[in-house]
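# just to be clear, the model below is a prediction. Sequence and coordinates:
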Amino acid sequence: MTQIFVTGLNHSTAPIAVRERASFTREQLPEALSRLVEKFDEGVILSTCNRTEIYTLTDSPGQASNHILKLISDFHGLDTNLLEGHSYSLEGADAARNLFRVSSGLDSMILGESQILGQVRTALSAAADARTVHSVMLQLFHTAISTGRRVREETDVSRSSLSVSYAAVKLAESFLGSVSGLKVLLVGAGEAGTLVAQALRSSGVSDITIANRTPKRSAEIAEEFGGKTVPFSDLEHALTQADICIAATDAPEPILSRATVQSALDSRPEGSLFLFDLSVPRNIDPEAGDIDDVNLFNIDDLSAIAAQNLRGRQVAAGDAEVIVEAEIAQFMSWLDTLEATPVIKAMRLQADEIRRRELDRALREIKGLSEADIAKLEAMTRSIVNRMLHGPTTTLRDRIGEDFLEAAREMFLRPGDAA
């Protein structure tokens, strides 16, 4: 039986050094999705800083997992064994539950963080643009998104919760004390960069310099938060003026090398430099953290703040899980009905063929019937068939997961019929 399937890796199963190598940028998604549907009818790729998950439909879960891991390894030039050691696969209701929990912020490093719901929407939009989603995947992701909204509206799981960006600022405060009065260089002006700027302003930072490959976007963020901009080409010089540098871009490779950081440190007044890399793949060369007076952190270093956030939200998380389970039950019921439809249709077609054949035989033998009499017999035989099939079709819809559905499929679906 065809079912929903997901293979992926996340912050709980793989370190950032593995996640960054398996991630897909927005520009890479069209090609990756095109490769995906060479093996599957539908597919969506959800790739964020904390996870890469590929959702498909399959009737062969073992083969599906192998195909997906091979796609990731071939696309990025990775050893499949590396991925196997950090990946997981889920099928059926468990796969759907995984996505619903992700959308609800229940599987995030920072419980209830707000960015993930938009990232799920982006994944669906990319798949829709690539025409790799149809009825089942569309319904799955739309329901996941509505579940995420419902969790945020009806529980406290996201109320006053940290985003990854706010958590990064809190981590800086835990090392530097108050960040108010410090000079901050923000590299990147996308969604994550915007959230960082908001967090910095709310923490009392007034001196924010923004560097982005798109000057117009830098200017927009600078105007919104009272900062200033520097050309991306002047990044090294800007680093010499900063106390804190936060990188949050979607560049596929480091934009700050160890040599660049060392040169900036040599050209600045005495004092340590705090670097935080919010990006996956990482934007700051990890070896820069080996330099004296440089404190380099990445997104995996948020674990302590994440644990603190989780302890304070256990009740809200429990409320959210109840909503997720209710939405799962409703979605799986819809999916089960979808599975039963071909069998029920075949049952009715077969019964109606028998009805018509027997009625035609009777009408040939009974002479002198009026048009009205024939219409009454037609209606009566239809009613008999409908009454006889009502119980079996209701049972198929209500108990579709049981073995007799397969038996019913074999009895009523002819070879070649769509299942």
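That came through fine. Just so we're clear, the structure is a prediction, and the values are computed from it rather than from any experiment.
# which helix runs longest in the chain?
With secondary structure taken from DSSP state H, the chain has its longest helix at helix 314-365.
# who are the packing partners of that one?
Using 3 or more C-beta pairs under 8 Å, 6 or more residues apart in numbering; DSSP states H and E, the elements in contact with helix 314-365 are helix 93-103, helix 135-154, helix 371-398, helix 404-412. For every residue, glycine as well, the C-beta is placed using N, CA and C.
# check the ones you listed for me and report the most buried one.
Mean neighbour counts were taken over the helices and strands packed on helix 314-365 using mean count of other C-beta atoms under 10 Å, and the top value, a mean of 23, falls to helix 93-103.
# contact partners of it?
Applying C-beta atoms under 8 Å, 6 or more residues apart in numbering, the external contacts of helix 93-103 come out as 3-6, 46, 51, 53, 55, 90, 107-108, 116-117, 120, 140-141, 143-145, 147-148, 321, 324-325, 327-328, 331-332.
# still on that earlier bit, closest one to residue 284 among the helices and strands packed on helix 314-365?
Ranking those by proximity to residue 284 (C-beta to C-beta) places helix 93-103 first, at 26.7 Å.
# average pLDDT for the closest one, rounded please.
Mean pLDDT, helix 93-103: 97.
# same deal with stretch 121-141?
Stretch 121-141 comes out at a mean pLDDT of 95.
# what's the end-to-end length of that stretch?
8 Å (C-alpha to C-alpha, to the nearest Å).
# where does the closest residue in space to residue 176 that isn't next to it in sequence sit: helix, strand or coil?
With sequence-adjacent residues excluded and distances taken as C-beta to C-beta, 6 or more residues apart in numbering, residue 176 is closest to residue 274, at 6.2 Å. Three-state secondary structure (criterion: DSSP: H, G, I helix; E, B strand; the rest coil) places residue 274 in strand.
# what about residue 274, distance to residue 62?
Counting by C-beta to C-beta, to the nearest Å, the separation of residue 274 from residue 62 is 47 Å.
# neighbour-wise, which of those two wins?
Each of residue 274 and residue 62 has its neighbours counted (other C-beta atoms under 10 Å); residue 274 has more, 21 against 9.
# my read: that one touches residue 247, true?
No. In this structure, residue 274 is not within contact of residue 247 by C-beta atoms under 8 Å, at 11.9 Å.
# quick one, phi psi at residue 226?
Torsion angles at residue 226 (phi, psi; degrees, to the nearest 10) stand at phi 70, psi 30.
# surely it and residue 206 touch.
Yes. If you go by C-beta under 8 Å, residue 226 and residue 206 touch, sitting 6.8 Å apart.
# quick one: contacts for residue 273?
Applying C-beta under 8 Å, 6+ apart, the residues contacting residue 273 are 239, 242, 243, 244, 245, 261, 264, 265, 293, 294, 295.
# where does the second one fall, secondary structure wise?
Using DSSP states H and E, residue 242 sits within no helix or strand.
# please apply the same query to the last one.
With elements taken from DSSP H and E, the one containing residue 295 is strand 294-298.
# buried ones in stretch 104-118, by neighbour count?
Judged by neighbour count using 16 or more other C-beta atoms under 10 Å, the buried positions of stretch 104-118 are 104-117.
# wait, residue 156 touches residue 313, no?
Yes. Taking C-beta under 8 Å as the definition, residue 156 is a contact partner of residue 313 at 7.2 Å.
# more neighbours, those two?
residue 313 (23 against 16).
# how close does the more buried one get to residue 169?
19 Å.
# which regions of the stretch 51-200 of the chain sit below the pLDDT cut-off?
159-163 (pLDDT under 70).
# show me where it has strands.
51-58, 88-91, 183-187 (DSSP state E, counting those that start in this stretch).
# TSV for these, including distance to residue 34 and mean neighbour count?
Below are the strands of the stretch 51-200 of the chain laid out as TSV (distance: least, C-beta to C-beta, whole Å; neighbours: other C-beta atoms under 10 Å):
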stretch	distance to residue 34	mean neighbour count
strand 51-58	13	25
strand 88-91	22	17
strand 183-187	31	25
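# in CSV: the ones you listed, plus distance to residue 217.
Output for the strands of the stretch 51-200 of the chain, formatted as CSV (distance: least, C-beta to C-beta, whole Å):
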stretch, distance to residue 217
strand 51-58, 26
strand 88-91, 36
strand 183-187, 12
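# wait, which of those strands is closest to residue 124?
Comparing these by C-beta to C-beta, strand 51-58 comes nearest, at 9.9 Å.
# which other helices and strands does the closest one contact?
strand 3-10, helix 16-22, strand 43-48, helix 61-76, helix 93-103, helix 135-154.
# any idea which of the ones you listed gets closest to residue 348?
helix 135-154 (21.2 Å).
# just the angle for the closest one relative to strand 43-48, thanks.
Orientation check (axes from the mean of the first three to the mean of the last three C-alpha atoms, to 10 degrees): helix 135-154 against strand 43-48 gives 40 degrees.
# for helix 135-154, the distance to its chain's centre please.
In terms of C-alpha atoms, centre = their mean, to the nearest Å, the centre of helix 135-154 is set 11 Å apart from its chain centre.
# please apply the same query to stretch 104-111.
12 Å.
# pull up the distance across it, start to finish.
Termini of stretch 104-111 sit 9 Å apart (C-alpha to C-alpha).
# list the contacts of it.
Against stretch 104-111 from outside (C-beta under 8 Å, 6+ apart): 10-11, 50, 98, 101-102, 112-114, 116-117, 147-148, 151-152, 157-158, 161-164, 167, 299, 302-303, 305-306, 309-310, 313, 317, 320-321, 323-324.
# so where's the stretch 301-419 of the chain uncertain?
Judged by pLDDT under 70, the stretches of the stretch 301-419 of the chain that qualify are 308-312, 339-342, 396-419.
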